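Engineer: Just a sequence and a predicted model for now, questions to come.
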Amino acid sequence: MAEPFIFRAYLLGHTSDVRSVCWTHDGRVVTGSRDMTAKLWSAMDDNIYLCDNTFSGHSRYIMSVAYAPPSEHFPNGRIATGSLDGTALIFDPLVPEPLQKLEGHTNAVCSVAFASAGHVVTSSWDATARIWDGPQCLTTLQGHEKSVLCATPVAIAGTPGVVTGSADQTVRAWTPDGACVQVLRGHTDAVRQLLQLSDTDVVSCANDGTLRIWSVSAGVCITTIDAHSAYIYSICLLPNGDLVSSAEDGQVKVWQGSECVQVLKQPCLSVWCVAASPNGDLAIGGNDGAARLYTRDPARAAESAALQAFEAELQAAVAARESGKLGDLSTENLPSRSALAQPGKSEGDPLLVRHGGKVEAYQWVGGTWVFTGEVTDAVDNKKETPFTIELDGRKYTLRHPHDQNPYVTAQKFIYENDLDQSFLEEIARFVEANTTAPTLTTAMPVNVDPFTSRGAYRPTANAAQSAPAGQYRDPFTGKNAYTTPAAVQLLVNRQPLTFDAALNVPALAKKLAEYTDTPAAALSASDQAMLGALGGLGDSGDDALAAVGAIVARLATLPPARRLPGLDAARLVVLHARARDHLYAALGGNIEPLLFECRGAQPDPAYAVSVRVLTNLVAQGALAPLARARALQAVDWPAAWAHKASALSIATLAVNLATQFAAAPDPDAAPDELECLRAVSIGLTSGIDLEAETTYRLTVALSTLMGAGNTLRDAARTIDGLRARVQTLSTHLDARIASIAGNLTRALT
């Protein structure tokens with residue numbers, strides 16, 4: 001019996017779900033996230049992992065990552081990423097910009113893998129998989145009826161090929177030239193991932209909660225394991241042959257044959273991915289934005305204090321999930337399914353029952369109880385509304401915060417559930433139509449949400465009905481279609497953004513070592529250790545914080561051409577209040593050195609980093625040494641948009657300034673608010689072809705400012721060219737931009 005897995009370390013740095021994870025040949029970790037970045041992590045002393053590199057280039061979130069070890073043509077190895085934007089990117093692990101872009105799929109690329117010949121294999125929601133040689137597509141694998149969620153290179157009986165799993169519930173085996181040689185049937189829901197077990201067998205996991213082992217050559221299922229009570233998202237194989245699975249039930253399970261030998265409960269509920277290292281350690285990613293490492297080797301386990309902290313976090317999360325309560329609703333007082341034997345009192349009556357540890361909702365319709373969905377949490381209806389949504393025969397729960405734009409709610413829902421983008425308009429309109437003030441009626445509507453007394457969203461082929469003249473029926477709900485409300489609801493951002501990627505201390509030290517003529521630039525080993533711990537400043541004592549402040553102040557006051565390393569360190573220091581105070585003290589209360597480069601030339605890397613320091617200061621409300629006007633004056637807004645790297649930083653600064661103004665309206669700050677509005681408008685109307693993410697952040701900033709009050713909304717209507725530009729953006733390919741711009745267009749009318 002192998003040793004049990006124990007917690008080893010956290011990987012913290014992503015700002016959204018970690019959707020995919022893999023290991024390198026030398027024990028580093030690659031993570032891919034909904035924050036549209038991938039990161040490469042290396043272990044330092046004491047099980048602390050630092051981010052070596054952050055890879056960007058996608059315009060939508062990353063769904064899959066893969067790694068290929070060094071080769072003759074790629075001496076550093078390769079990293080591949082697949083994204084919701086429909087492309088795959090190939091990176092050198094040492095370079096943050098992509099080497100190659102693989103274009104050809106017509107929908108999201110949901111898996112990427114490297115084949116033994118060096119080729120890349122991708123799969124997509126467009127119902128195909130592809131084999132690539134560099135950016136050239138060699139073969140397209142066509143035959144699945146729905147999205148291909150995974151594609152894995154294999155060698156069955158020594159013959160190279162590919163196996164694919166699909167939302168059509170089948171597994172298919174292919175030759176490299178695109179011939180389908182086997183169709184494996186047995187799963188009752190979408191197949192999520194595949195891997196090769198032996199010379200002849202593969203294993204699959206699916207939304208039906210099972211693992212299946214298949215003989216590919218014989219075309220039969222050898223073993224079925226009822227593994228989880230929820231969707232299984234990911235599987236991996238340990239060096240000793242044990243299988244590991246992760247699922248929507250907040251658990252990772254270790255299997256020896258058909259026997260579960262260990263359950264690793266996770267603080268997060270959606271455990272998106274699990275991967276095994278060459279030495280048998282595990283990396284696990286989930287919907288809380290963290291990746292966690294586990295090991296069977298006690299020598300690599302976390303120290304006692306870190307283990308205790310992790311166990312406390314885990315116990316709190318598990319207790320919340322297993323408390324037997326959904327918000328203020330006690331599940332133990334609910335009836336079982338036996339209550340369905342009793343008829344409802346009137347048409348539309350709701351009923352909640354307990355079954356299998358879950359709470360199910362039913363409705364009395366046409367003389368029978370109709371299942372309407374699962375209750376996942378009780379909600380304060382003063383803050384948000386839950387809806388049951390049925391798409392392609394599957395039921396979902398959508399939650400709409402009342403202070404959020406319905407299109408933003410719909411877009412987040414699509415992202416979270418990997419749904420096709422074509423659903424955006426219908427879902428958003430349904431939410432908008434059903435969160436207006438209800439009218440009193442003597443009878444409950446037939447298609448009703450039992451938790452809100454509002455209609456459930458259930459698109460059906462026959463839902464459209466004729467309507468009186470001047471009215472239009474929503475074909476998905478049978479209700480009146482969306483009509484423009486009297487007041488446009490604008491997105492108002494409440495959460496500031498930060499630049500908090502971990503510091504690359506080895507690269508920083510290497511750069512500073514080049515300045516041999518500047519003794520103040522030298523970094524001792526203890527200096528490097530201090531900078532390497534910047535991510536945990538909140539737990540440091542005053543002596544350590546003072547030392548960090550002195551180091552960063554010294555680096556940030558080097559000659560201007562040599563300040564970049566110091567500014568990058570200051571970017572993290574200013575995110576922690578006590579560390580920031582020590583930095584201010586070390587600078588003599590003058591933070592001008594941190595902002596000096598904001599007035600520099602945009603192509604200068606120090607310019608973008610200096611703006612990021614200022615952005616983090618604004619995010620923390622840490623502008624005591626500065627007036628708000630000083631933050632606005634620190635940037636040359638008309639010249640700010642010509643260079644991509646700095647443009648994204650400046651757009652993020654604009655979001656944070658707008659968020660601060662909206663959070664604390666101040667009549668005395670009106671000139672600064674108007675100046676911020678002018679700065680954002682300059683960016684949007686500059687005529688420069690900005691990247692999608694920069695444009696998105698500018699639209700968020702504009703919407704936040706206009707949503708904060710009528711004064712700014714009226715002022716925006718007077719800005720030349722703004723409405724025309726926003727109206728153009730309402731047809732942008734990025735649905736986030738289009739949805740916000742659509743409401744802005746109406747608000748500017």
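Structural biologist: Thanks, I have the structure now. Numbers count the residues shown, from 1 in each chain.

Engineer: what about Leu269, neighbour count?
Structural biologist: By other C-beta atoms under 10 Å, the residues close to Leu269 number 18. Where C-beta positions appear, they are placed from N, C-alpha and C, glycine not excepted.

Engineer: In this structure it contacts Ala247, no?
Structural biologist: No: assessed by C-beta atoms under 8 Å, Leu269 is found out of contact with Ala247, at 9.6 Å.

Engineer: Worst mean pLDDT across the helices and strands of the protein, which element?
Structural biologist: The weakest-scoring helix or strand in the chain, judged by mean pLDDT, DSSP states H and E, is strand 448-449 (a mean of 31).

Engineer: The helix or strand encompassing Ser681: which residues count as buried?
Structural biologist: Here Ser681 sits within helix 670-684, counting by DSSP states H and E. Using 16 or more other C-beta atoms under 10 Å as the test for burial, helix 670-684 gives Asp672, Glu673, Glu675, Cys676, Leu677, Ala679, Val680, Ser681, Ile682, Gly683, Leu684.

Engineer: other SSEs contacting it?
Structural biologist: The helices and strands touching helix 670-684, judged by 3 or more C-beta pairs under 8 Å, 6 or more residues apart in numbering; DSSP states H and E, are helix 628-633, helix 644-663, helix 692-707, helix 710-717, helix 722-729.

Engineer: is Val120 in a bridge, and if so with what?
Structural biologist: Phe114, Trp132 (DSSP bridges).

Engineer: give me every residue that touches it.
Structural biologist: Ala66, Ala80, Ala88, Ile90, Leu102, Val112, Ala113, Phe114, Ile131, Trp132 (C-beta atoms under 8 Å, 6 or more residues apart in numbering).

Engineer: got it, and Thr518?
Structural biologist: Contact partners of Thr518, counting by C-beta under 8 Å, 6+ apart, are Leu558, Pro559, Arg562.

Engineer: can you do 10 Å?
Structural biologist: Going by C-beta atoms under 10 Å, 6 or more residues apart in numbering, Thr518 touches Leu512, Leu558, Pro559, Arg562.

Engineer: Pull up the gap between it and Lys511, please.
Structural biologist: Using C-beta to C-beta, to the nearest Å, Thr518 is found at 12 Å from Lys511.

Engineer: Need the overlap of contacts for the two.
Structural biologist: Contact criterion C-beta under 10 Å, 6+ apart; residues shared by Thr518 and Lys511: Arg562.

Engineer: Please tabulate the helices and strands packed on helix 670-684 in CSV, including the columns mean neighbour count and mean pLDDT.
Structural biologist: Converted to CSV, the helices and strands packed on helix 670-684 look like this (neighbours: other C-beta atoms under 10 Å; pLDDT from 0 to 100):
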stretch, mean neighbour count, mean pLDDT
helix 628-633, 18, 64
helix 644-663, 25, 84
helix 692-707, 25, 90
helix 710-717, 16, 84
helix 722-729, 17, 90
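
Engineer: Kindly reformat those as TSV containing distance to His228.
Structural biologist: Shown next, in TSV, are the helices and strands packed on helix 670-684 (distance: least, C-beta to C-beta, whole Å):
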stretch	distance to His228
helix 628-633	49
helix 644-663	39
helix 692-707	35
helix 710-717	49
helix 722-729	43
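
Engineer: Just tell me which of the ones you listed ends up closest to Pro401.
Structural biologist: helix 692-707 (13.9 Å; C-beta to C-beta).

Engineer: Next, the angle from the closest one to helix 710-717.
Structural biologist: 130 degrees (axes from the mean of the first three to the mean of the last three C-alpha atoms, to 10 degrees).

Engineer: now the angle from helix 692-707 to helix 722-729?
Structural biologist: 130 degrees.

Engineer: quick one: helix 692-707 to helix 644-663, angle?
Structural biologist: Inter-element angle recorded for helix 692-707 and helix 644-663: 20 degrees (by the same axes, to 10 degrees).

Engineer: Tell me if I'm right that Cys676 and Ala658 touch.
Structural biologist: Yes: shown here, Cys676 and Ala658 form a contact pair, counting by C-beta atoms under 10 Å, at 6.1 Å.

Engineer: Now do the shared contacts for the two.
Structural biologist: Contacts common to Cys676 and Ala658, judged by C-beta under 10 Å, 6+ apart, are Ala701, Leu702, Thr704, Leu705, Leu712.

Engineer: Gln342: which of the helices and strands packed on helix 670-684 is closest?
Structural biologist: Nearest to Gln342 among the helices and strands packed on helix 670-684 is helix 692-707; the distance by C-beta to C-beta comes to 48.3 Å.

Engineer: Show me what the closest one is packed up against.
Structural biologist: The contact analysis (3 or more C-beta pairs under 10 Å, 6 or more residues apart in numbering; DSSP states H and E) places helix 692-707 against helix 644-663, helix 670-684, helix 710-717, helix 722-729, helix 735-747.

Engineer: Output the ones you listed as JSON lines; include the columns distance to Ser215.
Structural biologist: JSON lines is the format used below for the helices and strands packed on helix 692-707 (distance: least, C-beta to C-beta, whole Å):
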{"stretch": "helix 644-663", "distance to Ser215": "50"}
{"stretch": "helix 670-684", "distance to Ser215": "59"}
{"stretch": "helix 710-717", "distance to Ser215": "65"}
{"stretch": "helix 722-729", "distance to Ser215": "53"}
{"stretch": "helix 735-747", "distance to Ser215": "43"}
